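Asker: sharing a model that was predicted from the sequence below.
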Amino acid sequence: MTLSQLAASSQQDAFASICLSLQNVGISYGASQAVRGVYMEIPRGKVTAFIGPSGCGKSTVLRALNRMNDLIEGCSLSGRVLFDGQDLYSRDVDPVEVRRRIGMVFQKPNPFPKSIYENIAFGARINGYRGDMDDLVERSLRKAAIWDETKDKLHESGYALSGGQQQRLCIARAIAIEPEVILMDEPCSALDPISTLKIEEMMHELKKSYTIVIVTHNMQQAVRVSDMTGFFNVTVGDQAKVGCLEEFAPTEQIFNAPRQQATQDYVSGRFG
Amino acid sequence: MSSSLASPNSLQSVGSLRYRPALARNRRNQLFTAVATICAAVAVLPLILVLIYVLIKGGSLITLQLLIGLPPAPGLGGGGIGNAILGTIIVTLIASAIAIPVGVGGGIYLAEYSRSGPLARFVRFGTNVLAGVPSIICGVFVYGLIVSTRLFFDQSYSALAGGIALAVLMLPTVIKTTDEALKLVPDELRWGAIGIGASSFVTIVRVTLPAAFSPIATGVVLAIARSAGETAPLIFTALFSPFWPEGVFSPIATMSVLIYNFAIMPYEVQIALAWAASFVLVLMILAANLFARWLSRLAQA
């Protein structure tokens, strides 16, 4: 087998394992465009990080991946977002079904004002889970690396946990619905370094069974956790600032040998 | 160099940080504080006076007989206001049964489904107008709609008509408190539920409504307390009855209408009963307010 054949077959593998595919995606809030011209293929079973300066639209793009932008009035999307080959924005797609397969974790820990157990059971129950709930709760908490800290107080309020624990509880809650993809919007920005480390370690475990897309402001975090990195940048358009995807490549390449000058400047800390 | 800086004496007085009461701004401050304090005291004075006056006039008349007896015929002694107490409770329950579901449902629509759509803006405006409509107009409206047309089983005045009139009064408060309470629930909580695949129905019923339960319940209790004391809408609708309630399709006695009727009668006994009823009514409303405070305290805990 020649080298080129090998390359071709691995490329084919890569093609088969594309999870989310963005094709010329543009997102607007009312009349003002936030992001435009995003082409991206997010691989399955990998961690993909979005980095970039504030206002570049990376969170907006992330929220487009499970239709959370539907909740924002006046938000509209052009282009196509394909998940397993299905257009997420086609007319007959149920956004609730989308979010069951593509779960989300937010910047601020947002546990429900219920017990730790109920926080996990909530999502599973509404998804029609019929199995052993105790077992599911334990499994989810274990995967989110928070079982040891919570096993003795499952029936205490989720608010009784520290910020870092609350965030891992929220991740456990997302895992409990057994999604295929987990989106994380700056999940560690409100946490201390130790909690951050725990979540990063957990992500390495999680990517064995899930596709993870994470937005982060912390470039070291992107290096530590991600396989692919998308660098978003703000460009000054006709009148307003518009975000765009500057470069999308394996994380190693983005941080060591970026193709774009802007990426080089950003990852070396010259701006942003 | 300026003279003030040159003289060490004036330098000291300019540099001193000591509080000087004689200064014009400090005197103005004190005067304004005093005026505001007096106004605040005057504002609660009516409440205190009403409580004391009603307590003196009616408090001494409270007996078991008063709470469980029927009002006497004119000219006779004894008796009580038991039918009116029961009637007020029945009419208020009818009003709550109508106003709470409709009001909470309307508030949910405003806060969760259409924050700024044209219908939401119209409903919010309408709610504010309805809150300002005099209660007697509500009474006349229900009189025209239900009583004079004998809409229910050919009955004219009825407890049901009275309850509907009170429900119209309660609605704006219930809608507004539900709307405001739901808007206070942080969006992150909604996203948390929706982000793991909850439908908006499940999100509202299982997450947002429980989170806003306490302020909504507080508002509802206050609305009930306010409507329980209304007289004008009941005069045209529930009318009055000297007997025990016969059902929701018959005229019914209420405390407020009993006070209105008996206070102007030329009989000592009836006037005394009116005072006693005033005392009981004020106590009931006070208790409802305390209950509402307890509910809102519950939220902070």
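Answerer: Perfect, thanks for sending it.
Asker: flag the shaky bits of chain B, pLDDT-wise.
Answerer: B:1-14, B:75, B:154, B:299-301 (pLDDT under 70).
Asker: enumerate the residues of the stretch 1-150 of chain A near chain B.
Answerer: Selection of the stretch 1-150 of chain A residues close to chain B by CB under 8 Å from any CB of the partner chain yields A:66, A:68, A:71, A:73, A:96-97, A:99-101, A:103-106, A:108, A:110-113, A:122-123, A:126-127. C-beta here means a position set from N, CA and C on the backbone, and glycine is covered the same way.
Asker: tell me the phi and psi of the spatially closest residue to A:Glu201 that is not a sequence neighbour?
Answerer: In space, and not counting its chain neighbours, A:Glu201 is closest to A:Ala145: 6.8 Å by CB to CB, 6 or more residues apart in numbering or on different chains. A:Ala145 adopts backbone torsions of phi 60, psi 40, taken as degrees, to the nearest 10.
Asker: ok, A:Ala145 - contacts?
Answerer: By CB atoms under 8 Å, 6 or more residues apart in numbering or on different chains, the contact list for A:Ala145 reads A:168, A:198-199, A:201-202, A:205.
Asker: okay, now residue 138: neighbour count?
Answerer: As the question left the chain open, I've gone with chain A. Using other CB atoms under 10 Å in any protein chain shown, A:Glu138 has 17 neighbouring residues.
Asker: ah, I was thinking of chain B
Answerer: B:Cys138 has 24 neighbours, counted by other CB under 10 Å.
Asker: you'd agree A:Ser78 is in a helix?
Answerer: No - judged by DSSP: H, G, I helix; E, B strand; the rest coil, A:Ser78 forms no part of a helix; its state is strand.
Asker: element containing the closest residue to it other than its chain neighbours?
Answerer: The shortest distance from A:Ser78 to any non-neighbouring residue, by CB to CB, 6+ apart, is to A:Gly26 (4.3 Å). A:Gly26 belongs to strand A:18-29 when assigned by DSSP states H and E.
Asker: show me what counts as buried in that strand.
Answerer: Residues of strand A:18-29 classed as buried: A:18-22, A:25-28 (neighbour count, 16 or more other CB atoms under 10 Å in any protein chain shown).
Asker: who does that strand pair up with?
Answerer: Using DSSP bridges, the strands paired with strand A:18-29 are strand A:32-43 (antiparallel), strand A:75-83 (antiparallel).
Asker: mean confidence score for it?
Answerer: Mean pLDDT, computed over strand A:18-29, is 89.
Asker: give me the contact list for that strand.
Answerer: Taking contacts as CB under 8 Å, 6+ apart, the residues outside strand A:18-29 that touch it are A:33-45, A:57, A:60-61, A:64-65, A:69, A:72, A:74-84, A:180-181, A:211, A:213.
Asker: cool, and stretch B:208-219?
Answerer: Around stretch B:208-219, the neighbours that count as contacts under CB under 8 Å, 6+ apart are A:113, B:104, B:107-108, B:112, B:173-174, B:176-178, B:180-182, B:184-185, B:189-190, B:292-293, B:295-296, B:298-299.
Asker: strands along chain A, start to end?
Answerer: Applying DSSP state E to chain A gives strands spanning A:18-29, A:32-43, A:47-51, A:75-83, A:86-87, A:102-105, A:181-185, A:211-215, A:228-236, A:241-250.
Asker: in TSV: those, plus distance to A:Asp265.
Answerer: As requested, the strands of chain A are exported to TSV (distance: least, CB to CB, whole Å):
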stretch	distance to A:Asp265
strand A:18-29	24
strand A:32-43	20
strand A:47-51	13
strand A:75-83	27
strand A:86-87	35
strand A:102-105	30
strand A:181-185	25
strand A:211-215	20
strand A:228-236	10
strand A:241-250	10
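Asker: most tightly packed of those strands?
Answerer: Comparing the strands of chain A by mean neighbour count (mean count of other CB atoms under 10 Å in any protein chain shown), strand A:47-51 ranks first with a mean of 28.
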